[in-house]
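Colleague: what's the 3D shape of this:
(2 chains)
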2 protein chains.
Amino acid sequence: MIAVLVAAGSLRAGTRVRLEPEETHHLAVRRAGFDVNVTILDGAGWKGVGRLVAEGPSLAVEVDRAEQLPRPVPLTLAVGAGDRDRFGILIEQAVQLGVTAVVPLETERSASVASRVRMAHLERLRRRAREALKQSEACWAPEVYPPMELEAFLRQDGASVRWLADQQGTADPGRVGATAPLAVVVGPEGGLSPAEITRCRAAGYTPVRLGPHRLRFETAALAALTTAWLARQRESHG
Amino acid sequence: MIAVLVAAGSLRAGTRVRLEPEETHHLAVRRAGFDVNVTILDGAGWKGVGRLVAEGPSLAVEVDRAEQLPRPVPLTLAVGAGDRDRFGILIEQAVQLGVTAVVPLETERSASVASRVRMAHLERLRRRAREALKQSEACWAPEVYPPMELEAFLRQDGASVRWLADQQGTADPGRVGATAPLAVVVGPEGGLSPAEITRCRAAGYTPVRLGPHRLRFETAALAALTTAWLARQRESHG
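Modeller: Purely as a prediction, here's the structure:
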């Protein structure tokens, strides 16, 4: 079934919600017809079922049913703010794996990357995170933060379980707590500097090994999210 | 430390190994100097340390030390043979996560993909798998098989634990056995057909859920490899 996005907070059963121009364009490109059943998501937890209808030159959805799903337990991914295209692909995959917040970290070794994520790319990254909901059918869009200094992130991560992706770390990070906010720091291409690693450890980050070999930053980030999901599953179900 | 690749079987302590032209070119591009210490890999389990030396217009390595690491327990990834560029990126990431064999599967829904993996791309994919060793410092290059019909793969997977990536499956696939060959089937973009899923299940494949949401095939493949690695770690150490 095709999934469509509507503005956060606009999705209620029995209403007609007009689609934003960009979404209308996406659907026109996909040649979706009228009266087609669709999954409707608002990115703020609401998921519904309805039908596409014409509204002037635009499209709308008639919402038949809708419910709000609980907000997931925080799972924050803070990654070196390197190349923005690779960062965009990473956000899309991270949404599939249940990320709730993405923080582009300004680090020593990402500072010289000409194509790095900057404030100006934030809206595009946020749109990409929302678009990824349609493919994954996730109900909550992750927060995408402006690029942030590592030190600033460490002061306000809001987590109670903290992992640092590190090939030299432990392969058994221990219990995560099924309802405990978890944050993962992943260095940029080239890694964190020794001083940055020391600062992360001082802030309570446990170095965690996430695979058998040296991982690129995207692979490490995805392995960390999978590891967190599996640990929470295991602890909540048995 | 820079890593260099040499021909499989050529890496022994106390010898001088001439680099293949392509490898010489890579290193020239990186402006590696002479007498630089390098990690040396042959893709067949040997890992060494040595120095780059000139050999006419070419380069060679003087091997100071070398040892062969044990062949890893089989971890086979059979993935719908869709777009070859995406498949190439996936192979690179799969190497980081410890894949030992990659099988491009010919499936109903990959058959119409114009850019799909074909026999003609096999050498390039194998080279990409070997190149990925340098970044990940993995010692064994995975086997990359020619595109294969799903049915043919199922008859000869050589596995004793079998997972089918499936959002409707179990989130707890149970014990894997730290030394048991494991095979994962992942459908192409668009998924396997119901008939193909039935054939996989009949061949002993357990549908396994690998994340909280619907996963694209690349994400599912990486999540499966991470899940397998974690399960083996847990069972062998704890």
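Colleague: Would you mind pulling the contact partners of the helix or strand of chain A with the lowest mean pLDDT?
Modeller: In chain A, the helix or strand scored least confidently by mean pLDDT, DSSP states H and E is helix A:21-29, which has a mean of 84. Applying Cβ atoms under 8 Å, 6 or more residues apart in numbering or on different chains, the contact partners of helix A:21-29 are A:Ile2, A:Val4, A:Leu5, A:Val6, A:Leu19, A:Leu52, A:Ser58, A:Leu59. Every residue, glycine included, has its C-beta placed from N, CA and C.
Colleague: Just the buried ones among those residues, please.
Modeller: Neighbour-count burial (16 or more other Cβ atoms under 10 Å in any protein chain shown) applied to the contacts of helix A:21-29 gives A:Val4, A:Leu5, A:Val6, A:Leu19, A:Leu52, A:Leu59.
Colleague: and the last one, what element?
Modeller: In other words, A:Leu59. According to DSSP states H and E, A:Leu59 maps onto strand A:58-68.
Colleague: What's the mean pLDDT across the next helix or strand after that strand?
Modeller: Following strand A:58-68 in sequence order, the next helix or strand is strand A:75-80 (DSSP H and E). Here strand A:75-80 scores 98 as its mean pLDDT.
Colleague: again, but for stretch A:124-142
Modeller: Rounded mean pLDDT across stretch A:124-142 is 96.
Colleague: Could you list the buried residues of that stretch?
Modeller: Buried, per 16+ other Cβ under 10 Å, within stretch A:124-142: A:125-126, A:128-136, A:138-142.
Colleague: In the residues you listed, find the pair that's most separated.
Modeller: Maximum pairwise distance among the buried residues of stretch A:124-142 (Cβ to Cβ): 19.4 Å, between A:Leu125 and A:Cys139.
Colleague: what angle separates the longest helix that chain A contains from helix B:217-237?
Modeller: Looking across chain A with DSSP state H, the single longest helix is helix A:217-237. Here helix A:217-237 runs at an angle of 60 degrees relative to helix B:217-237 (axes from the mean of the first three to the mean of the last three Cα atoms, to 10 degrees).
Colleague: For the residue of chain A most remote from its centre, give its distance to A:Arg18.
Modeller: Most distant residue from the mean C-alpha position of chain A: A:Gly56, 34.2 Å away (Cα atoms, centre = their mean). Between A:Gly56 and A:Arg18 the computed distance is 9 Å (Cβ to Cβ, to the nearest Å).
Colleague: ok, now A:Gly187?
Modeller: In terms of Cβ to Cβ, A:Gly187 sits 43 Å off from A:Arg18.
Colleague: Show me which of those two is the more surrounded one.
Modeller: In this view A:Gly187 and A:Arg18 are compared by other Cβ atoms under 10 Å in any protein chain shown, and A:Gly187 has more residues nearby, 26 against 17.
Colleague: avg pLDDT for the strand holding A:Leu59?
Modeller: On average, strand A:58-68 scores 95.
Colleague: Number of residues surrounding A:Val49?
Modeller: Neighbours around A:Val49, by other Cβ under 10 Å: 16.
Colleague: Surely it touches A:Glu67?
Modeller: No. Counting by Cβ atoms under 8 Å, A:Val49 does not reach A:Glu67; the two are 9.9 Å apart.
Colleague: What does A:Glu55 show for phi and psi?
Modeller: Dihedral pair for A:Glu55: phi -140, psi 90, per degrees, to the nearest 10.
Colleague: Excluding chain neighbours, what is closest to it?
Modeller: A:Arg18 (5.7 Å; Cβ to Cβ, 6 or more residues apart in numbering or on different chains).
Colleague: With A:Ala66 instead?
Modeller: Counting by Cβ to Cβ, 6+ apart, A:Gly48 is the residue found nearest to A:Ala66 once chain neighbours are left out, at 3.3 Å.
Colleague: can you confirm the one you found is in a strand?
Modeller: Yes. Secondary structure of A:Gly48 (DSSP: H, G, I helix; E, B strand; the rest coil): part of a strand.
Colleague: tell me the contacts of it?
Modeller: With Cβ under 8 Å, 6+ apart, A:Gly48 has these contacts: A:Leu11, A:Ala13, A:Thr39, A:Ile40, A:Leu41, A:Val63, A:Asp64, A:Arg65, A:Ala66, A:Glu67.
Colleague: so what's A:Ser78 bridging to?
Modeller: Small correction: residue A:78 is Ala, not Ser. With DSSP bridges applied, A:Ala78 shows beta-bridge pairing to A:Val103, A:Val185.
Colleague: and it, how many neighbours does it have?
Modeller: Residues near A:Ala78, counting by other Cβ under 10 Å, number 28.
Colleague: So which residues on chain A come close to chain B?
Modeller: Neighbours of chain B within chain A, by Cβ under 8 Å from any Cβ of the partner chain: A:72, A:93, A:95-98, A:135-138, A:171-172, A:210-216, A:218-219, A:222-223, A:225-227, A:229-230, A:233-234, A:237-238.
Colleague: could you redo the last one with a cut-off of 7 Å?
Modeller: Residues of chain A lying close to chain B (Cβ under 7 Å from any Cβ of the partner chain) are A:93, A:96-98, A:135-138, A:171-172, A:211-216, A:219, A:222-223, A:226-227, A:229-230, A:233, A:237.
Colleague: Give me the PyMOL select line for those, limited to the buried ones.
Modeller: Selection of buried members from these for PyMOL, criterion 16+ other Cβ under 10 Å:
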select buried, chain A and resi 93+96+97+98+135+136+138+171+211+212+213+214+215+216+219+222+223+226+227+229+230+233
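Colleague: Just the strands from chain A, written as ranges.
Modeller: With DSSP state E, the ranges of strands along chain A come out as A:2-5, A:16-18, A:37-41, A:46-55, A:58-68, A:75-80, A:101-106, A:143-144, A:148-149, A:161-170, A:182-186, A:206-208.
Colleague: Of all these, which one is nearest B:Gln156?
Modeller: strand A:161-170 (34.2 Å).
Colleague: Tabulate the CA atom coordinates of that closest one in PDB.
Modeller: C-alpha atoms of strand A:161-170 as PDB (Å, rounded to 0.1, in the frame of the first residue of the first chain):
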ATOM      1  CA  VAL A 161      23.000   4.400  28.600                       C
ATOM      2  CA  ARG A 162      25.900   5.600  26.500                       C
ATOM      3  CA  TRP A 163      27.900   3.800  23.800                       C
ATOM      4  CA  LEU A 164      31.000   5.000  21.900                       C
ATOM      5  CA  ALA A 165      31.500   3.000  18.600                       C
ATOM      6  CA  ASP A 166      35.100   1.700  19.000                       C
ATOM      7  CA  GLN A 167      36.700  -1.300  17.400                       C
ATOM      8  CA  GLN A 168      38.900  -1.600  20.600                       C
ATOM      9  CA  GLY A 169      35.800  -1.700  22.900                       C
ATOM     10  CA  THR A 170      33.800  -4.500  24.500                       C
END
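Colleague: could you measure A:Glu92 against A:Arg234, distance?
Modeller: Taking Cβ to Cβ, one finds A:Glu92 at 26 Å from A:Arg234.
Colleague: How is chain A partitioned into domains?
Modeller: Split into domains by automatic domain parsing, chain A comes to A:2-68, A:75-237.
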